[in-house]
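Asks: sequence first, predicted model second:
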Amino acid sequence: MPGIRCGMNGNYQTPAAILQASFLIFARMEKKKEIVMSGIRPTGFLHLGNYFGALMNYVKMQEEYECYFMVADWHSLTTHPDTKELRNSVFRVLAENIAAGINPDKACLYLQSNVPEIAELYLLLNMLAYKGELEKTSTFKEKVRLQPENVNAGLLTYPVLQAADILIHKAKYVPVGKDQQQHLEMARNFAQRFNHRYGEIFPEPEAFNFGEALLKVPSLDGAGKMSKSENQFATLYLSDDDELIRKKVMKAKTDNGPASPDSPKPDYIENLFLLMNLVSEPSAINKFEDDYNRCTIRYGDMKKQLAEDMIRFISPIREKAESICNDKKYLTEVMEKGAAKARKSAKATIELVRQAMSLNYF
Ligand code: ADP
């Protein structure tokens, strides 16, 4: 069989050998992809904060990384114990993920409760998490304030479950919004403690936004962040129709405008510019910046522009999500395929964990 001279030593190789070598190189390249994990809770319709804080990066990352993106149904029970709406919400969030650009053939898109290994890791990591540090977590304190009648243990240990979600795939990067920064620090602590006590298993995961600061998309009333379940009239949802978007944006808080040129902007005006930065053309943003600095800004015009730009951005995602959401058969297939892939990865990790902790008895 004729051979081809190749390699450093110039030996002749058969085509079959070359094919096998290339296959091995590709397989190694595949293996080298760094692992990414993130999730969104099915507690309502997705909003602009979910999109720009998380989803937009999921879509970019699916091209270059091995991605695991999860619909976090267990997490939603910490604040939404009534499960009547959960099923619809899971399908809707899956559809919105896909409408925003996630390709389930590239990224693994799955449901948290379909991967029971996460619960096992959660239990084990709970032994490495201390009550004091969990009680100090800002999100816990905020949730206690919001739902004093339901301060459940799941709420307290939310960061541990989140660490398990990430570590079960040995993920290195976690695309999230700014509100999740503290949880990520805790996930790193739990990974370190595990590695220190039982042996190096986990990479220390990092919050990821392509080297930029993590984003917080502010609510339209200037009080806090856009959110699925709180502050609904000050949040722009990917499901909002055009008229509702106009209404919400036009109601955003403004004032009489700056009294002197180049004044600092109050928070609520800064927020409007931030929102404009997400969806408007630079020429429009520059115009209103100049108007602001010259004290000629007309907030009514600025909000009209912002509303139309939001509509241009949101309406195609809304329409796509609606049509995907009606195709339950397709979404079920996506979920099944995602569950199989996520479980394969999770099983491999939990085996290592059991071995490291000497919990493998037979
Ligand atoms: P919510 O707070 O709306 O229930 P989740 O807790 O499900 O959202 O968070 C899903 C992802 O969306 C997380 O990565 C979170 O950081 C991000 N996120 C949520 N709200 C915002 C926001 N207002 N700005 C930026 N990112 C956000």
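Replies: Yep, it's here. Residues are numbered from 1 along each chain as shown.
Asks: so who does the most centrally placed residue in the chain touch?
Replies: In the chain, the residue lying closest to the centroid (CA atoms, centre = their mean) is Ala54, at 3.7 Å. Residues in contact with Ala54 (CB atoms under 8 Å, 6 or more residues apart in numbering) are Ser38, Ile40, Pro175, Val176, Gly177. All C-beta spots, glycine's among them, are computed from the backbone N, C-alpha and C.
Asks: how close does it sit to the ligand?
Replies: Per CB to the nearest ligand atom, to the nearest Å, Ala54 is found 4 Å from the ligand.
Asks: OK, contacts around the residue in the stretch 1-150 of the chain that the ligand sits nearest to?
Replies: The stretch 1-150 of the chain approaches the ligand most closely through Gly53 (1.9 Å), counting by CB to the nearest ligand atom. With contact set as CB under 8 Å, 6+ apart, Gly53 has these partners: Val176, Gly177, Lys178, Asp179, Leu214, Leu215, Lys216, Val217.
Asks: mind checking how far the residue nearest to the centre of the chain is from Lys248?
Replies: Distance of Ala54 to Lys248, given as CB to CB, to the nearest Å: 21 Å.
Asks: with only the CA atoms kept, save stretch 113-125 in PDB.
Replies: Output in PDB follows, covering the C-alpha atoms of stretch 113-125 (Å, rounded to 0.1, in the frame of the first residue of the first chain):
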ATOM      1  CA  SER A 113     -34.200  17.300  38.500                       C
ATOM      2  CA  ASN A 114     -33.400  15.000  35.600                       C
ATOM      3  CA  VAL A 115     -29.800  14.700  37.100                       C
ATOM      4  CA  PRO A 116     -30.100  13.100  40.500                       C
ATOM      5  CA  GLU A 117     -26.300  13.000  40.900                       C
ATOM      6  CA  ILE A 118     -26.600  16.700  41.600                       C
ATOM      7  CA  ALA A 119     -28.600  15.900  44.700                       C
ATOM      8  CA  GLU A 120     -26.000  13.500  45.900                       C
ATOM      9  CA  LEU A 121     -23.200  16.000  45.500                       C
ATOM     10  CA  TYR A 122     -25.300  18.700  47.200                       C
ATOM     11  CA  LEU A 123     -25.700  16.400  50.200                       C
ATOM     12  CA  LEU A 124     -22.000  15.700  50.400                       C
ATOM     13  CA  LEU A 125     -21.100  19.400  50.000                       C
END
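Asks: now it: mean pLDDT?
Replies: Averaging pLDDT along stretch 113-125 yields 98.
Asks: before we move on, what about stretch 249-263?
Replies: Across stretch 249-263, the average pLDDT comes to 94.
Asks: contacting residues around that stretch?
Replies: By CB under 8 Å, 6+ apart, the list of residues contacting stretch 249-263 from outside reads 220-222, 233-234, 236, 265-266, 268-269, 271-272, 292-295, 297-300, 303-304, 306-307, 310.
Asks: quick one, helices of the stretch 201-350 of the chain?
Replies: Here the stretch 201-350 of the chain has its helices, by DSSP state H, counting those that start in this stretch, at 242-250, 267-279, 282-293, 299-325, 328-356.
Asks: buried residues in the fourth one, which are they?
Replies: Meaning helix 299-325. Neighbour-count burial for helix 299-325 flags 299, 302-303, 305-311, 313-314, 317-318, 320-321, 324-325 (criterion: 16 or more other CB atoms under 10 Å).
Asks: so what's the residue count around the closest residue to Gly154 other than its chain neighbours?
Replies: Closest residue to Gly154 apart from its sequence neighbours, by CB to CB, 6 or more residues apart in numbering: Thr78 at 4.3 Å. By other CB atoms under 10 Å, the residues close to Thr78 number 22.
Asks: my guess is Thr78 contacts Ala153. True?
Replies: No - contact criterion CB atoms under 8 Å: Thr78 and Ala153 do not qualify, at 9.2 Å.
Asks: sorry, back to before: among the contacts of Ala54, which ones are in helices?
Replies: Cross-referencing the contacts of Ala54 against helices under DSSP state H gives no overlap.
Asks: and the ligand, which of these reach it?
Replies: When CB under 6 Å from any ligand atom is applied, the members of the contacts of Ala54 adjacent to the ligand are Ser38, Ile40, Val176, Gly177.
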